[in-house]
Each structure stands twice: as structure tokens, then as C-alpha cells.
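Asker: need a structure here:
(one chain, ligands or ions: 2)
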Amino acid sequence: MDMDESSENAAWIKKIIHDFIQTSTENTLKNQANDKAWGPPLIGFSRGDDPLYEDFKDHVGPFHLTPLEFFVAAFGDRTIQAKNLSVISWVLPHNTVTKIDNRKETFYPSERWARGRIFGEETNTKLRKYVVASLESKGYRAIAPVLMPEFNRAISEKYGRASTWSERHAAYASGLGTFGLCDGLITPVGKAMRAGSVIAEIPIVPTPRPYTDHHEYCLFFSHGICGKCISRCPVGAITKSGKDKNLCYQHLFPITSGYVKSNYLFDGYGCGLCQTGVPCESKIPEKQDVP
Ligand code: SF4
Ligand code: SF4
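Answerer: Numbers count the residues shown, from 1 in each chain. Ligands and ions are numbered 1, 2, ... in the order given. This next block holds a predicted model:
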């Protein structure tokens with residue numbers, strides 16, 4: 001790998017993602033104030049042949065696809081090599097006002113949070129397409145896994161509800177954070193965020209992972225304290241054993257979806273109570289953050 005070229009590629013991709021989030025009119029909650037959905041992003045990179053991607057498949061189930069499997073499915077080209085692929089991953093933190101609003105909630109999502117879940121995710125989808133188009137315009141083949149027909153939901157024997165690609169796991173592999181008790185990814189800008197990714201055939205130096213354990217940033221696992229996400233969950237879906245995805249899902253649908261439609265007047269859903277009003281909401285928490 002030519003280090004100059006791969007560092008330049010990393011810098012260029014970081015810039016286009018930053019610029020999109022900072023300046024695009026697509027970054028919107030579509031509310032009256034036209035607030036931005038997302039604050040400044042975090043961006044990381046991992047290689048297509050990073051052994052973690054095979055590990056995810058081993059843990060989640062054979063239906064979970066590696067970067068190479070997605071790429072081969074997209075281009076039908078069996079000469080592609082995993083080592084020539086890079087995963088470009090980003091974390092989009094909810095804007096500060098959205099987080100402040102949702103901290104006050106105890107059962108339903110705030111309107112801004114629900115808008116972030118729906119319209120903010122539309123922004124995230126546009127960002128995926130923009131990154132793919134930008135790479136293609138420079139001659140690099142690229143895809144956004146969650147926009148591919150191969151992206152599907154599935155049931156994992158070990159973890160229950162799962163899918164063929166996980167944005168949060170790509171972010172973990174790309175040095176952006178570790179998992180919390182509630183299953184969210186705790187990043188340097190916190191857990192109140194959404195992630196996105198693109199796989200491209202472009203040399204980029206991978207981002208170092210500043211952690212050795214997949215739970216390292218969560219105070220419950222690192223120090224045996226906190227557990228604030230347990231009490232924030234209105235339906236008891238989080239316990240010391242982790243998150244019950246089915247209980248969480250039953251709260252999202254139809255309870256929050258019905259509430260969003262009747263009260264905020266759009267088709268949506270959301271919750272995020274375990275992502276806000278917790279020590280890991282907006283940063284990597286420290287011991288002293290827990291009273
Ligand atoms: S609220 Fe506390 S226990 Fe829950 S994920 Fe965050 S740091 Fe871990
Ligand atoms: S999203 Fe809501 S229902 Fe689901 S685990 Fe978090 S707090 Fe509980």
C-alpha cells in the first residue's frame with residue numbers, strides 16, 4: 001500500500017463527509033426550525049480482510065456477509081480481493097437540542113428524536129449515496145451495504161434479531177467505539193448517534209482501534225458500575241444480562257409508532273431513552289460521571 005496515497009484518500013473522504021454534514025441542506029430534521037439532524041461526524045476506516053469481519057460472521061451467523069461477499073454480489077467479479085477493499089465508516093451524533101429534548105422523556109420519544117430516527121436516517125442514506133457517487137466519480141468501485149438487495153434482516157441463533165450487515169459493527173472494526181450494556185456503540189461523541197458505511201476498492205490506511213475489548217468503554221463492564229441505561233428503559237428491556245431485543249421491538253412497534261403518528265403527525269417511531277440521559281450519551285464515560 002502506498003502510504004501517501006492511502007493517507008490522501010483518507011483525508012479526502014473525511015473531508016467530503018464532513019462537508020456534507022456541515023453544509024448540505026439534506027442534513028435536516030424537517031421541522032419548522034429546519035434544525036440540523038446531525039452534529040460533526042466521526043470517520044474511521046478498516047480493511048476488507050480485517051479478521052473481525054469473519055469473526056462477526058462466526059458469531060452472528062452464516063447469513064452475515066463480509067465486505068468481500070457484498071462486493072462480489074454487487075459486481076459479480078470473483079477476482080476482487082478482500083485486502084484491496086476498505087470499509088469507510090461514520091458516526092453521526094444527534095444534535096445537542098435533540099439530546100436535551102430526549103433526556104426529559106420517560107416513555108415516548110421526543111419529537112426531535114423521532115424526526116432524527118426517520119428524517120435523520122434519510123440524511124444518512126443520502127450521505128451513503130453521496131460517498132458512493134464521489135468514489136465512482138474518481139474511478140473507484142463502491143457500494144453501501146445497507147442499500148444493496150443483499151441487505152436483509154435475519155434471526156441469529158445466538159443474538160436474535162440481526163441482519164446481513166451491521167453499521168455499528170463496521171464502526172467498531174473501524175476504531176470508532178465499543179459496545180455498551182444496552183447494545184449501542186459508545187464512541188468519543190457518545191452513543192446517541194447513528195452509523196453508516198460504504199465499502200470501496202480503494203487503498204486507505206485503517207484507523208487504529210484504541211481498545212482491546214468490545215465492551216471497553218462501558219462502565220458496567222469496565223468498572224462494575226453505572227447501569228443507568230437499565231433504569232432509563234421504560235419497558236425493562238435492559239437488564240444486567242444485556243438487552244432483550246424483542247421487548248425493545250415491541251415498544252417501538254406499535255407503541256412508539258402509534259404515538260409518533262398521533263402526536264407528531266408523521267409515520268415514524270423511535271425511543272432512544274437508553275441513549276440519552278446516560279453517562280455515555282455524548283462521550284466515552286468516566287468513573288466520576290456516575291454519582
Ligand atoms: S449507561 Fe452506563 S451501563 Fe449503560 S451502556 Fe452507558 S456506560 Fe454502559
Ligand atoms: S430503545 Fe427504548 S425500549 Fe429499546 S432498549 Fe432502549 S430504552 Fe428500552
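Asker: Which residue comes closest to the residue of the stretch 51-200 of the chain found nearest ligand 1 once chain neighbours are left out?
Answerer: Nearest residue of the stretch 51-200 of the chain to ligand 1: G180, at 2.6 Å (C-beta to the nearest ligand atom). Yep, even glycine has a C-beta here, placed from its N, CA and C like the rest. Excluding its sequence neighbours, the residue lying closest to G180 (C-beta to C-beta, 6 or more residues apart in numbering) is C218, at 4.2 Å.
Asker: And for R117?
Answerer: Nearest to R117 is G270, by C-beta to C-beta, 6+ apart, at 3.6 Å.
Asker: Please apply the same query to K158.
Answerer: In space, K158 is closest to H59, 6.5 Å off (C-beta to C-beta, 6+ apart).
Asker: Tell me which residues of the helix or strand containing the one you found come out buried.
Answerer: Counting by DSSP states H and E, the element that carries H59 is helix 51-60. The neighbour-count check on helix 51-60 (16 or more other C-beta atoms under 10 Å) flags 52-53, 56-57, 60 as buried.
Asker: Then stretch 98-111?
Answerer: Buried positions in stretch 98-111, judged by neighbour count with 16+ other C-beta under 10 Å: 98-99, 101-103, 105, 108-111.
Asker: again, but for stretch 185-203
Answerer: The neighbour-count check on stretch 185-203 (16+ other C-beta under 10 Å) flags 185-187, 189-203 as buried.
Asker: So which bits of the protein are right by ligand 2?
Answerer: By C-beta under 6 Å from any ligand atom, the residues of the chain that approach ligand 2 are 182, 232-233, 235, 237-238, 243, 248, 251, 271-274.
Asker: Which of those residues fall in helices?
Answerer: Those of the residues of the chain next to ligand 2 mapping onto helices are 232, 248, per DSSP state H.
Asker: returning to what we had before: now, among the buried residues of helix 51-60, which is nearest to ligand 2?
Answerer: V60 (19.2 Å).
Asker: Tell me where the stretch 51-200 of the chain has helices.
Answerer: 51-60, 67-75, 96-103, 111-115, 121-137, 167-173 (DSSP state H, counting those that start in this stretch).
Asker: how about TSV for these, with mean pLDDT added?
Answerer: Compiled in TSV, these are given as follows (pLDDT from 0 to 100):
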stretch	mean pLDDT
helix 51-60	96
helix 67-75	97
helix 96-103	98
helix 111-115	98
helix 121-137	98
helix 167-173	98
